[in-house]
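Trainee: sequence? don't have it. structure:
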């Protein structure tokens, strides 16, 4: 069985299977196909910067090189932090119980950019959590689909149709607001009824 999201709330554990939602699943998909004069599909190709050669599909690739321009295998790359220390891998949270925080203010979601949305199917949900989600409460936990160098905030919420997990990242900027109201300034030496409109008869 595929691993899903497991959370703990007030001492009780709940588990959900998850399905990732994307635009194609919600709205369908259209594909534009370019054809030649006979109606046969065309394939894309790359033109070199000097315009001297056409590179067919599969004729180019990306490679990692070091300071000596020697090729480096992707498996040999290591992540480091701002101080140059090797970063530690964070294990996947799938199938591992994560504590729920909250309920949190729903406006907290607005402090994040949602990067993925999962529809959750309940497998074993505690009655307390089910009632809280049905009441519109929002909860926060951590999520990491696969082993990576960082996990992400994850918000659990529900509507009348389903339960959802919103995987997000902090926006890291504050809201801007106008501190003072608009002050109207009267023009100097303006007479009542005088208009600043352009008089085209003067042109």
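Mentor: Arrived safely, thanks for sending. Just so we're clear, the structure is a prediction, and the values are computed from it rather than from any experiment. Numbers count the residues shown, from 1 in each chain.

Trainee: can you pull out the helices in the protein?
Mentor: 23-27, 127-134 (DSSP state H).

Trainee: pick the most buried one from these.
Mentor: helix 127-134 (a mean of 16; mean count of other Cβ atoms under 10 Å). The way it works is simple: take the backbone N, C-alpha and C, and place the C-beta from them, glycine included.

Trainee: show residues contacting that one.
Mentor: 7, 9-10, 12, 14, 100, 103, 122, 139, 156-158, 163 (Cβ atoms under 8 Å, 6 or more residues apart in numbering).

Trainee: if you average pLDDT over stretch 36-53, what comes out?
Mentor: Stretch 36-53 carries an average pLDDT of 89.

Trainee: ignore what I typed, I meant stretch 63-78.
Mentor: Mean pLDDT, stretch 63-78: 88.

Trainee: returning to what we had before: among the helices of the chain, show the one with the smallest mean pLDDT.
Mentor: Minimum mean pLDDT among the helices of the chain: helix 23-27, a mean of 79.

Trainee: what separates it from the chain centre, distance-wise?
Mentor: Taking Cα atoms, centre = their mean, to the nearest Å, one finds the center of helix 23-27 at 16 Å from the center of the full chain.

Trainee: list the contacts of the spatially closest residue to residue 143 that is not a sequence neighbour.
Mentor: Nearest residue to residue 143, sequence neighbours excluded (Cβ to Cβ, 6 or more residues apart in numbering): residue 154, at 3.6 Å. Residue 154 sits next to 5, 140-143, 165-168 when contact means Cβ under 8 Å, 6+ apart.

Trainee: next, give me the two most distant ones among these.
Mentor: The most widely separated members of the contacts of residue 154, counting by Cβ to Cβ, are 5 and 168 (14.6 Å).

Trainee: who has more neighbours out of those two?
Mentor: Taking other Cβ atoms under 10 Å, residue 5 and residue 168 do not tie; residue 5 has more neighbours (24 against 21).

Trainee: check contacts around the more buried one.
Mentor: Residues near residue 5 by Cβ under 8 Å, 6+ apart: 15-16, 18, 93-94, 98, 118, 120, 143, 154, 165.

Trainee: going by distance to residue 56, which of the residues you listed wins?
Mentor: Closest to residue 56, out of all of these and judged by Cβ to Cβ, is residue 118, at 38.6 Å.

Trainee: of all residues in this protein, which one is nearest the centre?
Mentor: For the chain, residue 115 is the residue whose C-alpha lies nearest the centre (Cα atoms, centre = their mean; 1.7 Å).

Trainee: my read: it touches residue 165, true?
Mentor: No. With contacts counted by Cβ atoms under 8 Å, residue 115 stays clear of residue 165, the gap being 11.6 Å.
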